[in-house]
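Student: Fold the following for me, if possible:
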Amino acid sequence: MRSGLKLIWLFGRSGAGKTTLAKRLADRYRSLGIAYLWLDGDRIRQGLSQDLGYTPNDRLESHRRIIEIANIACEQELHVVVSAIAPEEAIRAKVNELARCSVNWIYVDSDENTCRQRDTKGLYSTPEKNSVDQFIGPSSTEIILLHINTSLECIETSQSRIFSELDRIKNSDKNKNHNL
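Tutor: Okay, here's the model as predicted:
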């Protein structure tokens, strides 16, 4: 069962603004009385994936766990908001393969200097920098619902663009169903 806008996945490098935007989307769902589940990559790593490191296999497994939880939530008719790095195309492809509802990818982009300024976890100052150096943006073949650049626009503008795009798609889907 792959349906509409049930799963929104905000991805991008650490410090780009994924969590901030996901929280605002979750707040919007709550204010509209829409049942949702918000899965944040950092929160998942603190609990469910605390046994994993940052090797390619560990990253893949962490994202596999996220999509499995999202699948259960979608089956329960919840909307799902995910904010997780999804650092390379192979991981995003695996998420798409395992997903039992449509994954709507929103690329939250920001330049490295802006991300460094927002670095609350100290990831950009560690010698390894393994969490930030391994991020690869979307390829031209990936289907991205929206590309947000938080180093070029304020968070309110980014939020507005996301809400407008989701409303546009929702209204377009309603019109399609009405014309049947």
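Student: what's the longest helix in this protein?
Tutor: helix 155-178 (DSSP state H).
Student: Name the residues of that one that come out as buried.
Tutor: Ser158, Gln159, Arg161, Ile162, Glu165, Leu166 (16 or more other CB atoms under 10 Å). Just so you know, the C-beta spots here come from the backbone N, C-alpha and C atoms, and that holds for glycine as well.
Student: So what touches that helix?
Tutor: 4-5, 8, 17, 20-21, 24-25, 28, 106, 108, 145-146, 148, 150, 153 (CB atoms under 8 Å, 6 or more residues apart in numbering).
Student: same deal with stretch 95-105?
Tutor: In contact with stretch 95-105 (CB under 8 Å, 6+ apart) are residues 1-9, 11, 63-64, 66-68, 70-71, 74-75, 80, 86, 92, 138, 142-145.
Student: ok, and for that stretch, which residues are buried?
Tutor: Result for stretch 95-105 [16+ other CB under 10 Å]: buried residues Val95, Ala99, Arg100, Cys101, Ser102, Val103, Asn104, Trp105.
Student: starting at the chain centroid, how far to it?
Tutor: 11 Å (CA atoms, centre = their mean, to the nearest Å).
Student: Tabulate the CA atom coordinates of it in PDB.
Tutor: C-alpha atoms of stretch 95-105 as PDB (Å, rounded to 0.1, in the frame of the first residue of the first chain):
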ATOM      1  CA  VAL A  95      14.500   3.300   2.400                       C
ATOM      2  CA  ASN A  96      12.400   3.600  -0.800                       C
ATOM      3  CA  GLU A  97      12.600  -0.100  -1.400                       C
ATOM      4  CA  LEU A  98      11.600  -1.100   2.100                       C
ATOM      5  CA  ALA A  99       8.800   1.600   2.500                       C
ATOM      6  CA  ARG A 100       5.300   0.400   2.400                       C
ATOM      7  CA  CYS A 101       4.000   3.900   1.800                       C
ATOM      8  CA  SER A 102       5.300   6.600  -0.500                       C
ATOM      9  CA  VAL A 103       8.400   8.400   0.800                       C
ATOM     10  CA  ASN A 104       8.300  12.100   0.100                       C
ATOM     11  CA  TRP A 105      11.900  13.400   0.300                       C
END
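Student: Quick check: mean pLDDT of that stretch?
Tutor: Averaged across stretch 95-105, pLDDT comes to 95.
Student: what's the answer for stretch 143-150, then?
Tutor: Here the average pLDDT along stretch 143-150 is 95.
Student: Roughly how far does Ala99 sit from Asp40?
Tutor: Using CB to CB, to the nearest Å, one gets 18 Å for the distance from Ala99 to Asp40.
Student: Which is the succeeding secondary structure element to the helix-or-strand element of the chain with minimal mean pLDDT?
Tutor: Least confident helix or strand of the chain, by mean pLDDT, DSSP states H and E, is helix 130-133 with a mean of 56. Next along the chain after helix 130-133, taking DSSP states H and E as the criterion, comes strand 146-149.
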